[in-house]
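[1] model this:
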Amino acid sequence: MTDILRQSAEQKYAGELQRLADKDKKSPKPAGWKLSAHAVRRFILGDDKLGISRKFYGDDPLIDRALVTLMGRQGLMLVGEPGTAKSMLSELLAAAVCGTSQLTIQGTAGTTEDHIKYSWNYALLLAEGPGEKSLIPSPLYHAMQHGRIARFEEITRCPAEIQDVLVSLMSEKRMMVPEMGQDAGIAAAAGFNIIATANLRDRGVHEMSSALKRRFNFETVRPIADRAFEVELVQMQLKNELGDLHHQVNIRPEVVDILVTVFQELRTGQTGEGGSLKTPDAVMSTAEAVNTAHAACLQAVYLGNGEMDAGTVARQLVGVVFKDNAEDAKRLRYYLDTVAKERARHSQDWQAFYQAGREM
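    This next block holds a predicted model:
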């Protein structure tokens with residue numbers, strides 16, 4: 001599996017999941033779960049004694065609330081700004097609870113009822129009629145049939161009438177297949193539930209109906225507020241992203257600190273000196289900070305001298321985060337001319353960041 005770009009959570013952390021399962025044999029488990037709630041919590045938040053890495057950084061009590069939701073009848077809705085690890089958290093929860101995170105529906109403007117329920121192999125349908133052989137189950141159908149977690153990404157990107165297909169499925173915990181007979185269908189097995197995600201910026205695209213909202217417990221995944229904590233997280237995630245390349249690039253903590261400072265100040269609209277800024281429309285998340293640092297490292301290794309400096313970070317910031325929004329460009333220019341320029345008087349790293357930013 002080392003030659004694929006990205007492993008699923010259950011593949012990447014197979015060893016950790018097995019260690020947790022071995023220690024978890026006598027623990028009480030919710031019906032249909034592979035691990036106990038305590039073991040799932042340790043899988044996500046880490047356990048040094050068992051060699052379990054921490055995978056989610058933020059609001060630890062949120063994990064407990066999420067687990068309690070998944071044990072009950074309501075689904076779990078993770079909302080928040082883009083880049084706050086909602087999808088990653090849903091993947092980790094599904095992998096630990098039921099052993100697979102692959103039963104996923106990606107919400108788009110083109111998502112149809114077939115994507116949520118089932119479709120048909122029309123060659124078999126014409127030859128043999130409607131039946132189990134000709135039916136093509138959706139990820140949600142599989143989840144209901146086998147008692148697993150279904151993931152619904154970016155649910156508010158789907159038209160409202162498609163979202164509302166979930167209302168009866170989540171209430172009745174049954175999916176009818178009228179083409180196969182009046183009473184044909186499946187009942188959800190123990191362990192079935194849904195984890196959905198929605199970006200706060202996109203919730204107005206197709207607002208969820210009140211009926212569907214009542215079927216979910218909402219949990220907000222918030223950006224990291226502690227700068228030192230975010231610096232540590234960016235460094236760790238960057239090391240994971242680079243893999244073997246990590247040994248070929250010099251990543252100075254001072255440069256990572258500048259990167260995180262820029263992201264936090266533009267994200268919150270407040271500078272460390274107490275000044276106010278207009279926040280850009282661009283996503284200034286921790287995930288985007290990691291993407292920026294990763295791009296700067298690649299440039300340093302393959303096109304530079306092997307050092308990720310503040311100037312390289314500034315150049316990648318423009319390409320990775322600030323795309324084609326003219327207002328965002330003005331806001332970044334204002335930040336450079338007021339905040340970065342003043343700090344450049346006292347720091348060579350900030351000077352490199354300022355000069356490279358102005359050149360771009």
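[2] CA atoms for contacts and neighbours, from now on please.
    Fine.
[3] So what does E207 have for phi and psi?
    Here is the backbone geometry of E207 (degrees, to the nearest 10): phi -60, psi 140.
[4] any idea how far the residue nearest to A344 when sequence neighbours are not counted is from Q316?
    The shortest distance from A344 to any non-neighbouring residue, by Cα to Cα, 6 or more residues apart in numbering, is to Q351 (4.0 Å). In this view, Q351 and Q316 are 16 Å apart by Cα to Cα, to the nearest Å.
[5] which one of the two has more residues nearby?
    Q316 (23 against 19; other Cα atoms under 10 Å).
[6] how close does that one get to T268?
    For Q316 relative to T268 (Cα to Cα), the value is 21 Å.
[7] Next, A293: secondary structure please.
    helix (DSSP: H, G, I helix; E, B strand; the rest coil).
[8] Tell me which residues touch it, please.
    L238, V256, L259, V313, Q316 (Cα atoms under 8 Å, 6 or more residues apart in numbering).
[9] wait, the third one sits on A289?
    Yes. Contact between L259 and A289 holds when scored by Cα atoms under 8 Å: they sit 7.0 Å apart.
[10] So for the two, which sits in the more crowded spot?
    Between L259 and A289, counting by other Cα under 10 Å, A289 is the more crowded of the two (27 against 22).
[11] where's the residue in the chain sticking out farthest from the centre, which helix or strand?
    Among residues of the chain, the one most distant from the C-alpha centroid is A127; the distance is 42.5 Å, by Cα atoms, centre = their mean. Using DSSP states H and E, A127 maps to helix 122-128.
[12] can you give me how far the helix or strand following that helix is from the chain middle?
    Next helix or strand after helix 122-128 toward the C-terminus (DSSP H and E): strand 135-137. On the basis of Cα atoms, centre = their mean, to the nearest Å, strand 135-137 sits 28 Å off its chain's mean C-alpha point.
[13] Show me what strand 135-137 is packed against.
    On a contact count with 3 or more Cα pairs under 8 Å, 6 or more residues apart in numbering; DSSP states H and E, strand 135-137 meets strand 118-120.
[14] Identify the residues contacting the strand it packs on?
    Counting by Cα under 8 Å, 6+ apart, S134, L135, I136, P137, S138, Y141 sit against strand 118-120.
[15] Kindly report the same for stretch 255-263.
    Residues contacting stretch 255-263 (Cα under 8 Å, 6+ apart): 227, 230-231, 234-235, 284-286, 289, 293, 308-310, 313, 349-350.
[16] Pick out the most distant pair among those.
    Spatially, the most separated pair among the contacts of stretch 255-263 is S285 and D349, at 22.1 Å (Cα to Cα).
[17] Please identify which of those two sits among more neighbours.
    Remark: of S285 and D349, S285 carries more neighbours, 21 against 16, as counted by other Cα under 10 Å.
[18] Please tell me how far that one sits from A109.
    Applying Cα to Cα to S285 and A109 gives a distance of 25 Å.
[19] With E254 instead?
    On the measure of Cα to Cα, E254 and A109 end up 43 Å apart.
[20] and what of L135?
    L135 is 24 Å from A109, by Cα to Cα.
[21] These two: who's more crowded?
    L135 (19 against 13).
[22] Give me the spatial nearest neighbour of that one, chain neighbours excluded.
    Using Cα to Cα, 6+ apart, the closest residue to L135 is W120 (4.7 Å).
[23] before we move on, back to that, most neighbours, which of the contacts of strand 118-120?
    Counting by other Cα under 10 Å, top hit in the contacts of strand 118-120: Y141 with 24 neighbours.
[24] Wait, it touches H115, no?
    No. Here Y141 lies out of contact with H115, judged by Cα under 8 Å, at a distance of 9.7 Å.
[25] so where is this structure shaky, pLDDT-wise?
    Counting by pLDDT under 70, the chain contains low-confidence ranges at 1-2, 202-204, 320, 324.
[26] Identify the residue nearest the geometric centre of it.
    Closest-to-mean residue, the chain, Cα atoms, centre = their mean: S87 / 2.6 Å.
[27] can you pull the buried residues of stretch 60-76?
    I63, A66, L67, T69, L70, M71, R73, Q74, G75, L76 (16 or more other Cα atoms under 10 Å).
[28] can you check stretch 285-294 too?
    Buried-residue list, stretch 285-294, by 16+ other Cα under 10 Å: S285, T286, A287, E288, A289, V290, N291, T292, A293, H294.
[29] TSV for these, including distance to Q355?
    Below are the buried residues of stretch 285-294 laid out as TSV (distance: Cα to Cα, whole Å):
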residue	distance to Q355
S285	24
T286	24
A287	25
E288	22
A289	20
V290	22
N291	21
T292	18
A293	18
H294	21
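[30] Closest one to G58 out of those, please.
    T286 (11.4 Å).
[31] which SS class is the residue lying closest to that closest one once chain neighbours are set aside?
    In space, and not counting its chain neighbours, T286 is closest to G83: 6.6 Å by Cα to Cα, 6+ apart. Look at G83: counting by three-state DSSP, its state is coil.
[32] cool, the one 4 residues further on as well?
    For S87, the secondary structure call by three-state DSSP comes out as helix.
[33] That one and T197 touch, don't they?
    Yes. With contact defined as Cα under 8 Å, S87 counts as touching T197 (6.9 Å).
[34] burial count for R315?
    For R315, using other Cα under 10 Å, the count is 20.
[35] could you list every residue that touches E219?
    E219 neighbours (Cα under 8 Å, 6+ apart): L62, A66, L76, M77, L78, V79.
[36] I'd like to know how many residues surround T338.
    12.
[37] in the stretch 51-200 of the chain, which spans are strands?
    Taking DSSP state E, counting those that start in this stretch to define them, one finds strands in the stretch 51-200 of the chain at 75-80, 104-106, 118-120, 135-137, 149-153, 174-176, 185-187, 193-199.
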